[in-house]
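could you look at this predicted model? Sequence included:
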Amino acid sequence: MTGLSPLIEIRNLTRTYHIGRTALHALKNVSLTIEQGEYVAVVGTSGSGKSTLLNILGLLDRPTEGTYRISSQDAGELTDRQRTTLRNKEIGFVFQEFNLLARATARRQAELPLFYAGVSRKESRRRALDALAQVGLADRAEHRPEELSGGQRQRVAIARALVNSPSLLLADEPTGAIDTQTGEEVMTLFEQRHQEGLTLLIVTHDREIAARARRVITLRDGEVISDERRPEPAAAR
């Protein structure tokens, strides 16, 4: 624990989708607090509510009921523009399928969040190149996704997620589309940034990946069934 105010507070969070006359309860009355600087894994089978929770935490979706506060701000009271600004400033995203633009170079991919933040072109270029260097892709800055391996594409996605120095990184099955060795390298990159103070939340079905975290939250049918804390990450033992 950091002693600072919680980065994330959710209370009695419910998310219901309606398919015709059928109500699908993706999340049911979930309450969680995540402190600044925590390393959290969220696990569960398909349909457990993991991705729904991630989307709400990332301000990509809204709960049907309940409250969500991030950095002491009530997300439910923010306008769409305020949500976008907060998301771009505070949150980095890494997805299983990379979500890269097909025709953009690695540098341009990494520059994208800076463009939305209103950073100058010269500064955006400098920071994007620095972010790519940090993930070992300094020599691939002008390559497009089709010219990169799966692991390199994920590194570009990580550079893009971290270029704005967010306080929270959300990763959705970040090792699911890459080989084991590259997955290990990706997790090491995450953990290095966590050691520098980044709050890290990883959604995964891989128990070995989850075991690296200090805290493991398990979802089943939209509910939290366990919330286990560990004194130190397994990778550090």
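Great, that's in hand.

tell me the contacts of the most centrally placed residue in the chain?
By Cα atoms, centre = their mean, the chain has its centre lying nearest to residue 170, at 0.9 Å. Counting by Cβ atoms under 8 Å, 6 or more residues apart in numbering, residue 170 touches 54, 57, 58, 91, 92, 93, 94, 201, 203. All C-beta spots, glycine's among them, are computed from the backbone N, C-alpha and C.

packing partners of the biggest helix by length in the chain?
Of all segments of type helix in the chain, defined using DSSP state H, the longest is helix 180-195. Secondary-structure packing of helix 180-195 (3 or more Cβ pairs under 8 Å, 6 or more residues apart in numbering; DSSP states H and E): helix 150-162, strand 168-172, strand 199-204.

so for residue 229, which of those sits nearest?
The closest approach between residue 229 and any of these, judged by Cβ to Cβ, belongs to strand 199-204 at 14.2 Å.

strand partners (parallel or antiparallel) of the closest one?
strand 39-43 (parallel), strand 168-172 (parallel) (DSSP bridges).

pull the distance from that strand to the chain's centre.
6 Å (Cα atoms, centre = their mean, to the nearest Å).

and the helix or strand immediately after it in the chain, which residues are buried?
Note on strand 199-204: by DSSP states H and E, the next helix or strand toward the C-terminus is helix 207-210. Buried residues in helix 207-210, counted by 16 or more other Cβ atoms under 10 Å: 209, 210.

quick one: the helices in the chain?
Under the criterion DSSP H, the chain contains helices at 50-57, 80-90, 106-116, 121-134, 150-162, 180-195, 207-210.

residues in a beta bridge with residue 30, which ones?
Under the criterion used here (DSSP bridges), residue 30 is bridged to residue 13.

state the distance from it to residue 130.
Residue 30 sits 37 Å away from residue 130, going by Cβ to Cβ, to the nearest Å.

on that earlier part again, JSON lines please, covering the strands paired with strand 199-204 and showing distance to residue 110.
Shown next, in JSON lines, are those (distance: least, Cβ to Cβ, whole Å):
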{"stretch": "strand 39-43", "distance to residue 110": "24"}
{"stretch": "strand 168-172", "distance to residue 110": "15"}
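
many thanks, we can stop here.
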